[in-house]
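> got a predicted structure plus its sequence, pasted below:
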Amino acid sequence: MHFPNSDSSELLFKRKLLEKARRQLKKEFIGINEAIDQVVDLSSSWFLFPNIQDRPVIITLFGLTGTGKTSLVKRFVDLIGYQQKHFHYEMNSTTRISFEDIEEIVSQEGDSSFILDLDEFQHLPKNRNQPDGIWELLDSGRLKCNTYSMSLLRLFRQTMKLQDALLSGVRVCRGVCVEGNIIYAKIVHDEYDEIDESEEGYYFLPPADYQLLIDICPEQFKYDFR
C-alpha cells in the first residue's frame, strides 16, 4: 500500500484508513465493538505519527482460546496495509524470533515501523529458551541486531546446555554422544524427537554450531565443517 506524498495528505489518508478499518472490523467481528475501538484507538498514534514514537505501542488482548483475537489482529493488519511488516509468532518453548529477518524486511519497505504479534504471550519461556532480545525490543521498540554479538550469545547458551548435559549423565567420545542420547536431546536440541538409546549418538556440538564457530573465528579453522 502506498501513501500520498505530502505530509498533510498522508495524514488525512491514514485517518480515513483507520476509520474505514474500524467500521469494517465491526461488521466482521460481532459483539466486540469495545475491543475493536481499543485496538484502533491505541494504534492511532503509532500509525499516524510513527516518526515521533520513542517507545513501542504495546496492546494486550485477553480472552479465551478461540474467541477471535488472532483473527482480529490479522484482519486489522490487512486493512491498514501492513501485511509485509506483520510478524506473527506462537509463543512456546521452541519459539525462535529472527530479528535479522525482521530487520531486512522492514528496511526493504522504506521505514522502520512494523507489527510484532506475539500470540499466547503468557507462554513465553522463563528460562534460557526465551527468544534472544525480546525484552529489549519490547522496551525500546527498535531492532538492534548485531549478528556477531548474537552469535556469541548463542554459543554461550549452547555451552551452558552442553554443561548441563554432561552433568546429567551424557557421555561423549570423539565428539559424539555415546550414552544418554535421550537426555542430550531434551537438553540441547531445539526440537525433541524421542529416540532409542541404541541408536547412533548425536554430535555433541550440533553441526550448525561448527559453522557458527568458523564464521566467528575463520582464521582458527583450516576447513569448513560439511
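All right, it came through fine.
> only C-alpha atoms for contact and neighbour calcs from this point on.
OK.
> mind picking out the helix or strand in the protein with the poorest mean pLDDT?
Using mean pLDDT, DSSP states H and E, the weakest-scoring helix or strand in the chain turns out to be helix 99-109, at a mean of 64.
> can you name the next helix or strand after it?
Counting by DSSP states H and E, the element after helix 99-109 in chain order, helix or strand, is strand 115-119.
> now tell me what touches the next helix-or-strand element following that following strand from outside.
For strand 115-119, the following helix or strand on the C-terminal side (DSSP H and E) is helix 134-140. The set of residues external to helix 134-140 that reach it, using Cα atoms under 8 Å, 6 or more residues apart in numbering, is Asp54, Arg55, Pro56, Ile58, Leu143.
> let me see the mean pLDDT of helix 134-140.
The average pLDDT within helix 134-140 is 71.
> just stretch 59-77 next, same as before
Mean predicted lDDT for stretch 59-77 stands at 86.
> export that stretch to CSV, keeping only CA atoms.
The C-alpha trace of stretch 59-77 is given here as CSV (Å, rounded to 0.1, in the frame of the first residue of the first chain):
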residue,chain,number,x,y,z
ILE,A,59,-1.5,-3.7,23.1
THR,A,60,-2.6,-6.8,25.1
LEU,A,61,-5.7,-8.7,24.1
PHE,A,62,-7.2,-11.0,26.7
GLY,A,63,-9.7,-13.7,26.0
LEU,A,64,-10.3,-17.5,25.9
THR,A,65,-8.7,-19.5,23.1
GLY,A,66,-10.9,-19.4,20.0
THR,A,67,-12.6,-16.1,20.7
GLY,A,68,-11.0,-14.4,17.6
LYS,A,69,-8.1,-12.4,19.0
THR,A,70,-5.6,-13.7,16.4
SER,A,71,-8.1,-13.3,13.5
LEU,A,72,-8.9,-9.7,14.7
VAL,A,73,-5.2,-8.7,14.7
LYS,A,74,-4.6,-10.3,11.3
ARG,A,75,-7.6,-8.6,9.7
PHE,A,76,-6.6,-5.2,11.2
VAL,A,77,-3.2,-5.6,9.7
